[in-house]
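> coords please:
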Amino acid sequence: MTCYPIPSKCADRILVASPSPLVRQRVLDSLHAPARHFQMATGGAEALVHLESGPWQMLFLDRRLPDLDAEEFSATVRHRFPAIEVVMLDPDTDRRTGSVVLASTNPSPKPREDVNRPAAPGNEQIRSGCAGSEVALAVRGEKETIPGPQADCVPEAALPGMIGNSRAMQPVYRLVRLLAPRNTTVLITGPTGAGKEILARAIHQLSPRASRVFTVVNCAAIPETLLEAELFGYARGAFTGAMQSYGGRIQAAQGGTLFLDEIGEMPLNLQPKLLRFLEQKEVQRLGSAEIIRVDARVVSATNAHLLSLVREGKFREDLYYRLCCFPVEIPPLRERVEDVAILASHFLERFAARHPAPVLSMAALRLLEMHTWPGNIRELQNVMERAVILAEEQGLIGPEALLFGEGHISPTR
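As a prediction, the model looks like this:
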């Protein structure tokens, strides 16, 4: 029988995701030495928040995650965080011995013999212990292969309403397809113009709520004095000018999806009321004592760094963690060079006054791919609209028709 000890280097930063306190504690007890940074999560979404917050060396992942499919989530983790070793925790935990069955993706290359414990045919064992406790961690004979970032695989199809199949967008498409069928609260981050609202609509369209309403609230566009009434509604006579009752945007999203854009701009005094809705699914209109139950999934978006706002005292920490149940980050267009050509063609088709639409010359396309796109997809859309106008009746768009920013040709990368 072969035995593989857990590498001591992995005991420095370890994350364990399991709904079972017993399993989490057994993994902790099994380490050769106490981990200097050891974090526990009860589900996949919580684990992802921790993974985003700092470097981890090892992830122990229970197959019985309450919110996500463990195998799909492990593949996503390996793609987004290739430096992390993922070890699957089998649901068939032995309650008599306290053993935790594992399937390690990266076993140690140097096995050593262990004569103290028999192994079942076809299985290997990992043994490690601490004072007063010995735990057997069995590695299944049939090792599980999880594709890494370099693996050749069929690319994910673009989400509804989205264009492009670049490598940078593959993790985004994968995550959205994992979370869309659930009611998990989602926080979309990314630069201005990257398509956060389009991604939010894709989540809605792929969810069981697709046939219901998709309600948008831009927290930066509504004056602070009106935002509370607009979100939560008000009763007749609640204030001067309230001639009739109004249910508010949250209640209007009943059964569907509520999209809170620019959530970082929400006034601090309204954040506790939003937190209560997220936790209790209840709203109370201004001027009314009535509590109204609302079943609406919440997807929010921001281009701000919310944790920085938390540290500055401008955003509640508890609200941040409630909104950030499942974070999804959209990469900027400069990291999606493969998508520039197809996006540009899409906008040319949209803005062309005649058909067939003009096409880009190779020189123009090279210039587009060299641009850094500070305004992201919205900037590309504007450049293509200007190019169609400048090209007039010509069927070919050259570099001279591409105006960036203040009307200048873009510098190279």
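> around Asp69, how many other residues sit close by?
Neighbour count for Asp69, taken as other Cβ atoms under 10 Å: 13. C-beta here means a position set from N, CA and C on the backbone, and glycine is covered the same way.
> contacting residues around the residue lying closest to it once chain neighbours are set aside?
Among residues not flanking Asp69 along the chain, Leu178 sits closest, at 6.8 Å (Cβ to Cβ, 6 or more residues apart in numbering). Under the criterion of Cβ atoms under 8 Å, 6 or more residues apart in numbering, the contact partners of Leu178 comprise Leu68, Asp69, Glu72, Phe73, Thr76.
> give me the three-state assignment for Leu178.
helix (DSSP: H, G, I helix; E, B strand; the rest coil).
> and what of Glu71?
Glu71 ends up helix, using three-state DSSP.
> nearest spatial neighbour of it, chain-adjacent residues omitted?
Arg63 (7.6 Å).
> what segments of the stretch 201-350 of the chain are strands?
In the stretch 201-350 of the chain, the strands defined using DSSP state E, counting those that start in this stretch lie at 214-218, 257-261, 282-284, 291-293, 297-302, 326-329.
> the ones you listed: which one's closest to Gly164?
strand 326-329 (15.7 Å; Cβ to Cβ).
> what are the contacting residues of that closest one?
Applying Cβ under 8 Å, 6+ apart, the contact partners of strand 326-329 are 45, 48-49, 52, 172, 175-176, 179, 184-190, 199.
> of the residues you listed, buried ones?
Buried members of those, scored by 16 or more other Cβ atoms under 10 Å, are 45, 48-49, 172, 175-176, 179, 184-190, 199.
> tell me where the stretch 1-150 of the chain is predicted with low confidence.
Scanning the stretch 1-150 of the chain for pLDDT under 70 picks out the ranges 1-11, 31-36, 91-150.
> and what of the stretch 201-350 of the chain?
Residues of the stretch 201-350 of the chain that meet the cut-off, pLDDT under 70, do not exist.
> now the helices for it?
Assigned helices in the stretch 201-350 of the chain, in chain order: 224-232, 248-252, 271-280, 306-311, 317-323, 337-351 (criterion: DSSP state H, counting those that start in this stretch).
> pick the most deeply packed of those.
Burial of these is given as mean neighbour count (mean count of other Cβ atoms under 10 Å); helix 248-252 ranks first at a mean of 21.
> and the strands in the stretch 51-200 of the chain?
Using DSSP E, counting those that start in this stretch, the strands found in the stretch 51-200 of the chain span residues 58-62, 85-89, 100-104, 112-113, 123-130, 133-140, 186-189.
> grab the CA positions of the second one and hand them over as CSV.
Which is strand 85-89. Coordinates of each C-alpha in strand 85-89 appear next as CSV, following Å, rounded to 0.1, in the frame of the first residue of the first chain:
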residue,chain,number,x,y,z
GLU,A,85,-4.2,22.6,-5.6
VAL,A,86,-7.8,21.3,-5.4
VAL,A,87,-8.6,18.2,-3.2
MET,A,88,-12.1,16.8,-3.4
LEU,A,89,-13.8,15.6,-0.2
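> about what we covered before: got JSON lines for the strands of the stretch 201-350 of the chain, with distance to Ala387 and mean neighbour count too?
Output for these, formatted as JSON lines (distance: least, Cβ to Cβ, whole Å; neighbours: other Cβ atoms under 10 Å):
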{"stretch": "strand 214-218", "distance to Ala387": "29", "mean neighbour count": "18"}
{"stretch": "strand 257-261", "distance to Ala387": "29", "mean neighbour count": "24"}
{"stretch": "strand 282-284", "distance to Ala387": "47", "mean neighbour count": "17"}
{"stretch": "strand 291-293", "distance to Ala387": "50", "mean neighbour count": "12"}
{"stretch": "strand 297-302", "distance to Ala387": "29", "mean neighbour count": "25"}
{"stretch": "strand 326-329", "distance to Ala387": "30", "mean neighbour count": "20"}
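> closest one to Leu15 among these?
Comparing these by Cβ to Cβ, strand 326-329 comes nearest, at 15.4 Å.
> chain center to that closest one, what's the gap?
Distance of strand 326-329 from its chain centroid, counting by Cα atoms, centre = their mean, to the nearest Å, is 2 Å.
> what's the span of stretch 219-229, first residue to last?
12 Å (Cα to Cα, to the nearest Å).
> contacts for it next, please.
With contacts defined as Cβ under 8 Å, 6+ apart, stretch 219-229 is touched by 230, 238-239, 246, 248, 260-267, 270, 273, 286.
> since we're on Pro374, how many residues are nearby?
Number of residues near Pro374 (other Cβ under 10 Å) recorded here: 14.
> quick one: which helix or strand includes it?
Under the criterion of DSSP states H and E, Pro374 resides outside all helices and strands.
> ok, now which ones touch Ala238?
Ala238 neighbours (Cβ under 8 Å, 6+ apart): Ala229, Arg285, Leu286, Gly287, Ser288.
> could I have the buried ones of these as PyMOL selection syntax?
What follows is the PyMOL syntax selecting those of the contacts of Ala238 that are buried according to 16+ other Cβ under 10 Å:
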select buried, resi 229+285+286+288
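> between the contacts of Ala238, which is nearest Gln25?
Minimum distance to Gln25 across these is 45.9 Å, recorded for Arg285 (Cβ to Cβ).
> pretty sure the closest one sits against Arg249.
No: using Cβ atoms under 8 Å, Arg285 is not in contact with Arg249, being 11.8 Å away.
> so Ala387 makes contact with Leu402?
Yes: using Cβ under 8 Å, Ala387 is in contact with Leu402, at 5.8 Å.
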